[in-house]
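*Asks:* Provide a 3D model corresponding to the input given below.
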Amino acid sequence: MSTDRSVRVEDRLFYNRYLLDPGRPHIKVRPHTTPSSELVSMLTTCPAHCYVANDKHQIEVAVDGCIECGTCRVICEESGDIEWSYPRGGYGVLFKFG
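*Replies:* Numbering: from 1, shown residues only. Just a heads-up that it's a prediction; the model follows:
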């Protein structure tokens with residue numbers, strides 16, 4: 001079985017569709033001045049690259065594009081860095097190929 005290593009994860013994520021729930025994000029980053037090491041790790045561990053550092057070096061999340069894999073929940077929820085819940089019914093990621 002051969003695999004095409006030239007195809008990136010980002011290219012595959014393009015096929016997914018998202019139905020946003022305006023004003024009701026399913027992930028919220030708690031306010032902070034200095035992010036924890038767990039929160040900083042989300043810059044590289046989130047497979048959909050939903051976490052970014054702003055100009056004040058604080059971590060923000062953009063839930064449009066989230067594939068709801070739970071990586072951030074496993075890494076950051078116990079420490080209280082994020083609040084995570086499932087999107088309301090009918091909202092969130094819509095996988096095109098299953």
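*Asks:* I'd like the distance between A53 and E83.
*Replies:* 19 Å (CB to CB, to the nearest Å). All C-beta atoms are positioned from the backbone trio N, CA, C, and that covers glycine.
*Asks:* which residues of this structure score low on pLDDT?
*Replies:* 1-5, 7-15, 97-98 (pLDDT under 70).
*Asks:* which residues of it fall in helices?
*Replies:* Secondary structure of the chain by DSSP state H: the helices cover 9-13, 37-45, 71-76.
*Asks:* by contact count, what packs against the second one?
*Replies:* The elements that helix 37-45 packs onto, with contact taken as 3 or more CB pairs under 8 Å, 6 or more residues apart in numbering; DSSP states H and E, are strand 51-53, strand 59-61, helix 71-76.
*Asks:* any buried residues in that helix, and which?
*Replies:* Using 16 or more other CB atoms under 10 Å as the test for burial, helix 37-45 gives 38-42.
*Asks:* repeat for stretch 65-75
*Replies:* 65-68, 71-72, 75.
*Asks:* contacts made by it with the rest, please.
*Replies:* 13, 16, 18, 26-27, 38, 41-42, 45-51, 61, 82, 84, 86-87, 92-93 (CB atoms under 8 Å, 6 or more residues apart in numbering).
*Asks:* and those, which are buried?
*Replies:* Burial by neighbour count, judged by 16+ other CB under 10 Å, picks out 18, 26-27, 38, 41-42, 46, 48, 50-51, 61, 82, 84, 87, 92-93 from the contacts of stretch 65-75.
*Asks:* nearest to S6, of those?
*Replies:* Closest approach between the buried ones among the contacts of stretch 65-75 and S6, by CB to CB: A48, at 19.8 Å.
*Asks:* could I get the contacting residues of that closest one?
*Replies:* A48 touches 13, 65-67, 69, counting by CB under 8 Å, 6+ apart.
*Asks:* what do you get if the cut-off is 10 Å, keeping everything else the same?
*Replies:* 9-10, 13, 16, 18, 62-69, 71-72, 93 (CB atoms under 10 Å, 6 or more residues apart in numbering).
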